[in-house]
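Asker: Please work out how this folds:
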Amino acid sequence: MKENCKYLFLDRDGVINVRKMGGYITSYSEFEFIDGVKQALAIFNKIFDRIFIITNQQGIGKGLFTQDDFNKLTLLMLNDINESGGRIDKVYMCPFLKEEQSLMRKPSIGMGLKAKEDFPEVDFSQSIMVGDSNTDMIFGKNLGMYNVFIDNHTGEPYDETIIHEKYDSLIQFANNIKTK
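Answerer: Numbers count the residues shown, from 1 in each chain. Next up, the predicted model:
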């Protein structure tokens, strides 16, 4: 791993929780942490100065769930993470449809710039982006981050040239950091 990384950016669906293929997580009853994620976040809590979740949630834009539904789910998720010794400093979410081409929607860099605005100490050259899609990796590349790909073996194409490290799970990545 790149030395001196202080800031961690995490995608949500497929990294933190089990992704609902072809659908959206619309409530906490559908939300399921991926095995080892809470332990990974407890490890990261001791390593990184700031930890963020950066997530596209176009299900809101499609009217499948509301901003309030998302906020309730997020609060319960954060409580579970905190109770397990982990920490998320802030969750950034884009509700816009892909077709709207919002600067806030990954792979555009708006959510990263918002994190920098809220936490001026953030230095993207000292940041890691962890995601499970090419969109996540392009977001990280466009901000000059170190990219870690979580390969969920979905068969979705991704660009290996913009990936620095690849793991099967967040806990595998966390355990690798812990041993260094």
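Asker: so where do the helices sit in this structure?
Answerer: For the chain, the helices defined by DSSP state H occupy 37-47, 58-61, 67-83, 110-118, 134-142, 170-178.
Asker: Out of those, which is closest to residue 164?
Answerer: Residue 164 lies closest to helix 134-142 among those, at 9.0 Å (Cβ to Cβ). (Glycine included, C-beta is placed from N, CA and C.)
Asker: do you know how far the nearest residue to residue 116 once chain neighbours are set aside is from residue 112?
Answerer: Nearest-residue entry for residue 116: residue 122, 4.8 Å, with adjacent residues in sequence omitted and distances by Cβ to Cβ, 6 or more residues apart in numbering. The spacing between residue 122 and residue 112, counted by Cβ to Cβ, to the nearest Å, is 8 Å.
Asker: ok, now residue 171?
Answerer: Going from residue 171 to residue 112 by Cβ to Cβ gives 25 Å.
Asker: So for these two, which sits in the more crowded spot?
Answerer: Just comparing residue 171 and residue 112: by other Cβ atoms under 10 Å the higher neighbour count belongs to residue 112, 25 against 18.
Asker: Quick one: residues contacting the more buried one.
Answerer: Counting by Cβ atoms under 8 Å, 6 or more residues apart in numbering, residue 112 makes contact with 9, 54, 124, 139, 143.
Asker: Nice, that's everything, thank you.
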